[in-house]
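Q: Provide a 3D model corresponding to the input given below.
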Amino acid sequence: MKNLYKCLCILLGFLLIEKMARGQEENAARWGIPTQSSTYGGSIPELALDGLSSWTHTNTETNPWWRVDLLKVYRVNRVTITNRPTYNTRINGAEIRIGNFLDIYSNTICGVISSLGAGATATFSCHGMVGRYVVVDIPGNLKILSIVEAGVYGYLAGNRAVGGATLQSSTNASLIAEKAIDGNRGLQQLYTGCSSTLNETDPWWRLDLHDVYRVSNVIVTNRKDCCAELINGAEIRIGNSLDNNGNNNPICAVIPAIPAGESYNYSCDGLDGRYVNIHIPGDGKILLLCEVEVYGYLAENLAVPGAAFQSSTSMNGFAEKAIDRGLQQLYTGCSSTLNETDPWWKLDLRYIYRINKVVITNRKDCCAEQINGAEIHVETLWRTTNKRQ
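A: Model (predicted):
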């Protein structure tokens with residue numbers, strides 16, 4: 001490419017590889033928060049998680065229950081329950097439920113303890129049921145629930161939204177953007193558990209995942225008590241641009257409607273992006289979200305820790321500016337060679353990778369044609385004493 005003045009802007013490139021999150025099975029109950037329907041004497045709910053032979057104990061009541069909040073959504077493989085050595089019939093008929101609802105009976109039954117021997121431990125297979133809450137309850141009148149130890153084993157279900165940063169175009173009262181990623185679909189039962197904008201033109205809500213993910217699906221939960229139609233027409237967008245507050249990124253799906261209190265799953269077919277936007281175009285709109293969940297795999301930009309070089313440098317357009325992420329809107333955020341014969345830019349990844357994808361962002365303010373005709377080569381260079389392979 002002769003006599004071409006080249007300007008490579010952020011970022012060359014998203015050299016993307018997928019990093020499957022491989023968790024290890026663990027007793028997630030150990031660091032959860034337990035509660036129970038009532039407490040007899042000093043037999044508090046925490047005694048079911050202390051690893052000792054002490055036990056919890058409710059009062060005699062209708063439908064007694066014990067619950068552990070795992071704080072995050074897990075894919076639960078199995079639950080273990082250890083019975084007390086005396087009065088061992090107080091566990092009989094107990095149901096084990098897993099889900100995301102504070103209303104315990106809205107959660108799904110994993111297993112039923114018909115009976116369990118004194119001091120015995122039973123394991124119940126839950127086949128990867130997904131939930132933040134694990135509940136043990138006994139339906140019926142004049143019941144007592146007592147548990148020596150409970151274990152919950154599985155993996156984080158991979159909701160990437162939890163731990164992200166949220167922002168919305170406006171906020172109605174205390175319905176802040178963060179309430180849509182509290183990891184608790186159960187709170188959609190309460191008006192205060194949802195995020196909401198004001199009535200405005202083109203309201204939007206945005207999630208910053210902090211890293212670029214290959215998003216497989218997004219789950220949106222609608223408000224239950226009223227106003228289910230407010231979600232109608234919302235667009236789910238995923239990408240890396242903050243142009244127009246992120247609302248110009250590619251569309252994953254358009255939400256025609258979600259019934260009140262329901263959670264709908266939208267497939268995004270592996271769209272890459274750091275930002276997830278939900279946006280309703282039009283005048284006089286309110287965007288209200290009770291939960292947004294994002295699932296996918298981390299897509300790593302291998303360019304960022306690499307070493308950049310180029311054939312020459314024009315003023316302060318040095319090579320490293322093409323991998324600094326985020327300054328592509330400004331001329332000062334681009335790399336640039338001089339006007340020369342066969343200009344080139346090179347990135348040393350420091351290791352050998354199998355490259356899935358390279359993303360090039362062009363300069364915005366002018367001169368977009370200067371990238372025309374550029375070639376992208378991916379190769380392994382041997383020592384200078386050897387031939388190139």
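Q: any weak-confidence spans in the stretch 251-389 of the chain?
A: Low-confidence segments of the stretch 251-389 of the chain (pLDDT under 70): 300, 325-332, 381-389.
Q: wait, what's in contact with the closest residue to V76 other than its chain neighbours?
A: Leaving aside its chain neighbours, V76 sits nearest to G154 (4.1 Å; criterion: C-beta to C-beta, 6 or more residues apart in numbering). For the C-beta atoms, the positions are set from N, CA and C on the backbone; glycine is no exception. The contact partners of G154, by C-beta atoms under 8 Å, 6 or more residues apart in numbering, come to E25, E26, A28, Y74, R75, V76, N77, R78, C126, G128.
Q: Okay, Y351 and I376: tell me how far apart.
A: Taking C-beta to C-beta, to the nearest Å as the measure, Y351 and I376 are separated by 19 Å.
Q: bridging residues for the residue nearest to V76?
A: Counting by DSSP bridges, G154 is bridged to E26, V76.
Q: any idea how far it is from E375?
A: Taking C-beta to C-beta as the measure, G154 and E375 are separated by 48 Å.
Q: and what of L302?
A: Taken as C-beta to C-beta, the spacing of L302 relative to E375 amounts to 20 Å.
Q: cool, C227 as well?
A: As defined by C-beta to C-beta, C227 lies at a distance of 54 Å from E375.
Q: between these two, which one's more packed in?
A: Set C227 next to E375 and count neighbours by other C-beta atoms under 10 Å: C227 wins out with 15 against 6.
Q: can you pull the contacts of the nearest residue to the more buried one once chain neighbours are set aside?
A: With C-beta to C-beta, 6+ apart as the measure, L288 is the residue that lies nearest to C227, at 6.5 Å, once sequence neighbours are left out. If you count contacts by C-beta under 8 Å, 6+ apart, L288 has them with L175, C194, S195, S196, T197, R223, C227, L230, I231.
Q: for Y105, helix, strand, or coil?
A: Following DSSP: H, G, I helix; E, B strand; the rest coil, we place Y105 in the helix state.
Q: Which pLDDT value goes with it?
A: Residue-level confidence at Y105 comes out at 92, pLDDT.
Q: cool, and the one 10 residues further on?
A: Looking at S115, its pLDDT stands at 94.
Q: do the same with the one 3 residues further on
A: Looking at A118, its pLDDT stands at 96.
Q: so what's it closest to, chain neighbours aside?
A: Closest residue to A118 in three dimensions, ignoring its sequence neighbours and counting by C-beta to C-beta, 6+ apart: N88, at 4.1 Å.
Q: Distance of the one you found relative to I113?
A: In this structure, N88 and I113 are 11 Å apart, going by C-beta to C-beta.
Q: What of Y264?
A: From Y264 to I113 the distance is 34 Å (C-beta to C-beta).
Q: quick check: domain ranges of this structure?
A: Each domain of the chain is listed here as a residue range: 7-13+304-371, 26-156, 165-301, per automatic domain parsing.
Q: TSV please, covering these and showing distance to T380.
A: As requested, the domains of the chain are exported to TSV (distance: least, C-beta to C-beta, whole Å):
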stretch	distance to T380
domain 7-13+304-371	6
domain 26-156	36
domain 165-301	19
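Q: one step back: can you check the contacts of G154 and name whichever has the most neighbours?
A: Counting neighbours by other C-beta under 10 Å, Y74 leads the contacts of G154 with 29 neighbours.
Q: which residues of the stretch 201-350 of the chain fall in strands?
A: Here the stretch 201-350 of the chain has its strands, by DSSP state E, counting those that start in this stretch, at 204-221, 234-239, 251-255, 263-279, 288-289, 291-301, 307-310, 334-336, 345-348.
Q: wait, which of those is closest to I33?
A: Closest to I33 of these is strand 291-301 (C-beta to C-beta; 19.2 Å).
Q: May I have the closest one as PDB, with CA atoms only?
A: Extracted as PDB, the C-alpha positions of strand 291-301 are listed here (Å, rounded to 0.1, in the frame of the first residue of the first chain):
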ATOM      1  CA  GLU A 291     -34.900  -7.800  36.800                       C
ATOM      2  CA  VAL A 292     -32.500  -8.100  33.900                       C
ATOM      3  CA  GLU A 293     -30.200 -11.100  33.700                       C
ATOM      4  CA  VAL A 294     -27.400 -11.500  31.200                       C
ATOM      5  CA  TYR A 295     -25.800 -14.800  30.400                       C
ATOM      6  CA  GLY A 296     -22.700 -15.600  28.300                       C
ATOM      7  CA  TYR A 297     -19.000 -16.000  28.200                       C
ATOM      8  CA  LEU A 298     -16.100 -13.600  28.700                       C
ATOM      9  CA  ALA A 299     -14.700 -12.500  25.300                       C
ATOM     10  CA  GLU A 300     -11.100 -11.400  26.000                       C
ATOM     11  CA  ASN A 301      -9.500  -8.600  24.100                       C
END
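Q: for that strand, packing partners?
A: strand 16-19, strand 204-221, strand 263-279 (3 or more C-beta pairs under 8 Å, 6 or more residues apart in numbering; DSSP states H and E).
Q: rewinding a little: so which of the contacts of G154 comes closest to R363?
A: For R363, the closest of the contacts of G154 turns out to be R75, at 44.5 Å, with distances computed as C-beta to C-beta.
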